[in-house]
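1. Need coordinates for the following:
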Amino acid sequence: MWYKQDSISSSGSAVIFLLLSTLGPVFSQETPPDVGMYMWRVIVGSCSRTCGPSGIRLTLVICTNPQFCTDDEKLYTHDDIVCRNRGLPRPMAPPEVCNRIPCPGGWIVGEYGDCSSYGKRTRDVYCEQRPIVNMEALYTASLGEPRRASDSACIAPKPSTIQECSLAPEIATPLVSHQDAFYAVGQEGCIHHGRQLSIDAVIVAGSPMPTLTWTLADSTELAVNETSGRARVLANGTLVVANVKDRDDGIYVATAKNEHGKDMKMSKITVV
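-> Numbering: from 1, shown residues only. Okay, here's the model as predicted:
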């Protein structure tokens with residue numbers, strides 16, 4: 001049995017029919033040139049799809065005689081019966097499945113959540129892909145229901161999951177530590193003469209980062225790392241007043257402020 005197999009770029013039966021029309025003159029059953037060596041030529045087409053459930057590769061089998069090929073890019077073809085009458089069984093060339101792989105997925109993008117205390121908000125972003133059902137079936141394969149897949153299954157850049165956001169300030173009221181008259185902002189307390197007063201102020205929210213100031217009982221205002229007499233504000237926002245006296249009795253106010261608003265917490269201190 002004589003046949004030759006080639007590979008060309010074609011896609012689907014429509015392309016194969018087009019290919020036949022470009023191969024050169026076709027000799028009819030009644031007028032085949034009776035010279036030379038007749039043979040079957042097998043031309044394998046490319047896959048009709050690059051992914052998904054419907055990829056099929058078709059193969060073209062033609063009867064030809066190489067002696068009538070005057071150009072490497074042209075073939076002289078004959079009706080199949082010309083080769084059959086010369087005892088050449090036609091090669092089998094059934095359609096084949098090909099490229100039956102899931103196509104790249106797509107990104108599913110959720111809504112952004114609330115702005116966090118550090119000026120960020122997040123959203124859920126994941127890749128979704130549809131699997132192939134009954135993959136090996138020639139004509140009945142199909143797409144399954146979408147399902148969550150690894151990020152590598154999506155070829156497009158992944159959308160951002162984090163976004164900057166703006167938030168008004170908020171000062172927390174921390175737990176009280178009763179050591180040397182330590183009071184939390186927003187609470188009342190008593191302190192003896194000569195002791196050191198410490199009041200904590202913790203900014204738990206705000207974007208851009210708020211500025212913190214303290215207003216003392218005598219209306220003096222202090223920013224972080226500033227000092228006035230016996231009072232100073234530490235880098236962490238804690239107000240410290242050393243060697244407390246009667247005139248330190250009163251209201252102390254912590255204020256956090258940014259362009260979106262402000263928050264205030266007060267402590268009433270009694271010197272005894």
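
2. Helices of this protein, start to end?
-> 12-22, 80-84 (DSSP state H).

3. Domains in this structure, by residue range?
-> 3-97, 106-164, 167-271 (automatic domain parsing).

4. Quick one: these as a markdown table, columns for mean neighbour count and mean pLDDT too.
-> (Glycine included, C-beta is placed from N, CA and C.) Converted to a markdown table, the domains of the chain look like this (neighbours: other CB atoms under 10 Å; pLDDT from 0 to 100):
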| stretch | mean neighbour count | mean pLDDT |
| --- | --- | --- |
| domain 3-97 | 15 | 68 |
| domain 106-164 | 13 | 90 |
| domain 167-271 | 16 | 81 |
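
5. Chain neighbours aside, what residue packs nearest to residue 190?
-> residue 270 (4.7 Å; CB to CB, 6 or more residues apart in numbering).

6. From residue 229, how far out is the one you found?
-> From residue 270 across to residue 229, the span is 20 Å (CB to CB, to the nearest Å).

7. quick one on the thing from earlier: looks like the residue nearest to residue 190 contacts residue 188 (just checking).
-> Yes - counting by CB atoms under 8 Å, residue 270 touches residue 188, with 7.4 Å between them.

8. Chain neighbours aside, what residue packs nearest to residue 58?
-> Residue 58 sits nearest to residue 45 (CB to CB, 6+ apart), 4.8 Å away.

9. From residue 152, how far off is the spatially most central residue of the chain?
-> Most central in the chain under CA atoms, centre = their mean is residue 158, positioned 2.7 Å from the mean C-alpha point. Note on residue 158: its distance to residue 152, by CB to CB, is 10 Å.

10. which residues are in contact with both of these two?
-> Residues touching both residue 158 and residue 152 (CB atoms under 8 Å, 6 or more residues apart in numbering): residue 127.
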